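S.K.: got a sequence here, can you build the structure:
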Amino acid sequence: MFARKLSSWFLITGFTIVALASSKPWGKTPAGETVDLYTLRNAKGMEANISTYGGVIVSLKVPDRAGKLGDVVLGFDDFKGYLLPPPYFGALIGRYGNRIGHAQFTLDGIVHHLAKNDGDNTLHGGLRGFDKVIWKATSLSPTSLQLTYLSKDGEEGFPGNLSAKVVYTVTPNNELRIDYSATTDKDTVVNLTNHSYFNLAGEGQGDILGDELTINADRYTPVDKGLIPTGELRSVKGTPFDFTQPHVIGERINANDQQLVFAKGYDQNFVLNHPGLTTVAAKARDPKTGRIVEVLTTEPGLQFYTSNFLDGTIHGKGGKIYAKHAAICMETQHFPDSPNKPSFPSSELKPGQTYHTTTIYRFSTDAQK
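M.R.: From the prediction side, this is the model:
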């Protein structure tokens with residue numbers, strides 16, 4: 001039997017024709033590496049564009065209550081925008097998502113020193129995390145794309161050769177499903193996530209302070225002024241972090257709360273009550289367009305971030321200005337600084353084990369006008 005690529009759309013294997021996702025060249029890195037852009041689309045018109053550079057979700061088009069498609073993630077029209085200093089728009093994050101305190105951790109009695117790229121801390125994998133590498137792409141179907149990357153032993157200070165695989169799938173139910181997996185040949189830590197900035201009104205369409213949010217979490221992990229968790233699991237009851245019932249995001253964001261002051265808004269990890277793919281971990285709704293996104297995840301935590309560090313200096317798609325609170329991030333994860341917090345769920349991965357997590361972003365609309 002034979003396998004021959006006919007185009008970006010079809011593959012003949014034996015006597016079976018298999019449809020594939022479309023792709024196109026999207027640019028070259030300063031090192032001369034080719035960057036491709038893949039398009040995943042379901043029968044309802046939902047569309048995701050994924051870059052092999054950083055595994056970035058470049059655009060994500062979903063319908064509003066009138067059926068009009070709109071792009072709901074911040075980003076850039078041109079690949080070169082993603083080479084700029086990060087806000088990590090849409091990127092795959094690793095080897096360790098979020099922060100590791102003092103840029104070091106101890107594993108098997110060995111202290112591993114990491115790059116300090118966030119004050120005294122390591123953020124999102126270091127200076128050249130998974131958001132800045134070229135991933136190898138394999139189209140699985142018109143709606144599914146597999147990305148793989150080998151992070152070599154010692155890369156950014158992390159031990160072990162880590163083989164990472166991420167599969168993006170646009171489902172028939174207007175979901176973006178992300179399956180993460182990894183194996184290692186040496187004890188290491190791993191915490192993979194995606195850093196999409198969502199604006200359900202459409203990217204660049206104002207702020208998200210009027211959006212309604214629910215998070216299925218009775219506790220969160222308070223942080224110090226460097227945004228490193230203290231180790232406490234604090235109750236949300238009676239605080240601005242209580243989203244167990246729907247609240248408008250801007251309702252309490254300027255409250256006199258030390259945690260909000262530290263983060264200049266919301267940028268905290270929530271301890272999910274019921275991780276798994278049968279329970280909604282978080283739900284956001286834009287009242288103007290009626291768009292809703294529900295988050296389901298096998299991860300124990302969810303970082304809720306209100307893009308506090310966007311300051312209007314970044315010009316995104318179509319030249320739109322991305323100002324403070326232009327989007328929300330809902331990063332599913334193990335808790336920040338887990339390698340230094342033995343009481344937190346472990347992020348260690350050993351040879352012979354397989355790291356696997358799944359997150360689903362489910363889109364729908366309300367009927368209210």
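S.K.: now the nearest residue to residue 315 once chain neighbours are set aside: how far from residue 113?
M.R.: Of all residues not flanking residue 315 in the chain, residue 321 sits nearest, at 6.0 Å (Cβ to Cβ, 6 or more residues apart in numbering). Just so you know, the C-beta spots here come from the backbone N, C-alpha and C atoms, and that holds for glycine as well. Between residue 321 and residue 113 the computed distance is 38 Å (Cβ to Cβ, to the nearest Å).
S.K.: again, but for residue 33
M.R.: 28 Å.
S.K.: related to what we said a few turns ago, give me the phi and psi for the residue nearest to residue 315.
M.R.: phi -90, psi 130 (degrees, to the nearest 10).
S.K.: right, and it touches residue 311 too?
M.R.: No: if you go by Cβ atoms under 8 Å, residue 321 and residue 311 don't touch, sitting 9.8 Å apart.
S.K.: so which residues of this protein form helices?
M.R.: 258-263 (DSSP state H).
S.K.: quick one on the thing from earlier: how about the residue nearest to residue 315, what does it touch?
M.R.: 204, 312, 314, 315 (Cβ atoms under 8 Å, 6 or more residues apart in numbering).
S.K.: tally of neighbours for the residue lying closest to the first one once chain neighbours are set aside?
M.R.: Think residue 204. Excluding its sequence neighbours, the residue lying closest to residue 204 (Cβ to Cβ, 6+ apart) is residue 320, at 3.1 Å. A count of nearby residues for residue 320, using other Cβ atoms under 10 Å, gives 15.
S.K.: just the pLDDT for residue 320.
M.R.: pLDDT for residue 320: 97.
S.K.: what's the distance between it and residue 279?
M.R.: Taking Cβ to Cβ, one finds residue 320 at 35 Å from residue 279.
S.K.: ditto for residue 253
M.R.: Residue 253 is 26 Å from residue 279, by Cβ to Cβ.
S.K.: who's more crowded, those two?
M.R.: Set residue 253 next to residue 279 and count neighbours by other Cβ under 10 Å: residue 253 wins out with 17 against 12.
S.K.: what's near enough to touch the more buried one?
M.R.: 209, 240, 260, 265, 266, 306, 325.
S.K.: most surrounded residue in those?
M.R.: residue 306 (27 neighbours).
S.K.: from residue 363, how far out is that residue?
M.R.: 20 Å.
S.K.: again, but for residue 321
M.R.: Counting by Cβ to Cβ - residue 321 and residue 363 are separated by 25 Å.
S.K.: and the contacts of residue 253 as TSV, adding pLDDT and distance to residue 292?
M.R.: Below are the contacts of residue 253 laid out as TSV (pLDDT from 0 to 100; distance: Cβ to Cβ, whole Å):
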residue	pLDDT	distance to residue 292
209	98	17
240	98	22
260	98	25
265	98	22
266	98	19
306	98	18
325	98	19
